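In: the amino acid sequence is not available; the structure is as follows:
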């Protein structure tokens, strides 16, 4: 099953942890809310980011969604990331629990003039 759904970013707390030379390493804790679609709930993500004098270079995130997917309650963890020259952030579902145990699939985050959205292509046992 595949679907695309908009979401709202509800938290963004960012800090640098290494500013040696012209490259900055940072992390951000990001919260999101998903409503009005196949996903109903919230997520919490930890992002590791690299920035340069020219701007953002890349990020990698580990994110846990908690709520319902297709009417089943539980949580699942996604790993996703992108470089600054990519227009989307692809990833994979790597773990799930509750009624979502056994969930597998891929994810793609996009942020553009249409707003933030997530595409999930998944299989449930």
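Out: On my side now, so go ahead. Please read these numbers as outputs of a predicted model, since none were measured by experiment.

In: which pLDDT value goes with residue 54?
Out: Note for residue 54: predicted pLDDT of 87.

In: over to the one 4 residues further on?
Out: If you check residue 58, the pLDDT there is 96.

In: can you tell me how far the residue nearest the centre of the chain sits from residue 112?
Out: Per CA atoms, centre = their mean, the C-alpha nearest to the average position across the chain is that of residue 63, at 5.5 Å. Distance check for residue 63 against residue 112: by CB to CB, to the nearest Å, it reads 19 Å. Glycine gets a C-beta too; all of them are placed from N, C-alpha and C.

In: three-state assignment of residue 85?
Out: Put simply, residue 85 is coil when judged by DSSP: H, G, I helix; E, B strand; the rest coil.

In: what count of nearby residues applies to it?
Out: Applying other CB atoms under 10 Å, we find 7 other residues in the vicinity of residue 85.

In: just confirm residue 50 contacts residue 20, I think it does.
Out: No: between residue 50 and residue 20 there is no contact under CB atoms under 8 Å: 12.0 Å.

In: contacts made by stretch 17-37 with the rest, please.
Out: By CB atoms under 8 Å, 6 or more residues apart in numbering, the list of residues contacting stretch 17-37 from outside reads 3, 5-16, 40-53, 57, 61, 63, 65, 67, 118.

In: at 6 Å instead, please
Out: Contacts to stretch 17-37, defined as CB atoms under 6 Å, 6 or more residues apart in numbering, come from residues 5, 7-14, 16, 41-49, 51-53.

In: repeat that for stretch 50-67.
Out: Applying CB under 6 Å, 6+ apart, the contact partners of stretch 50-67 are 22-24, 40-41, 43-49, 75-81, 83-84.

In: rerun at 8 Å
Out: Residues external to stretch 50-67 that are found in contact with it (CB under 8 Å, 6+ apart): 22-26, 30, 34, 39-49, 73-84, 89, 91.

In: quick one: buried residues of it?
Out: Neighbour counts using 16 or more other CB atoms under 10 Å place 50, 51, 59, 61, 62, 63, 64, 65, 67 of stretch 50-67 among the buried residues.

In: repeat that for stretch 11-20.
Out: Buried, per 16+ other CB under 10 Å, within stretch 11-20: nothing.
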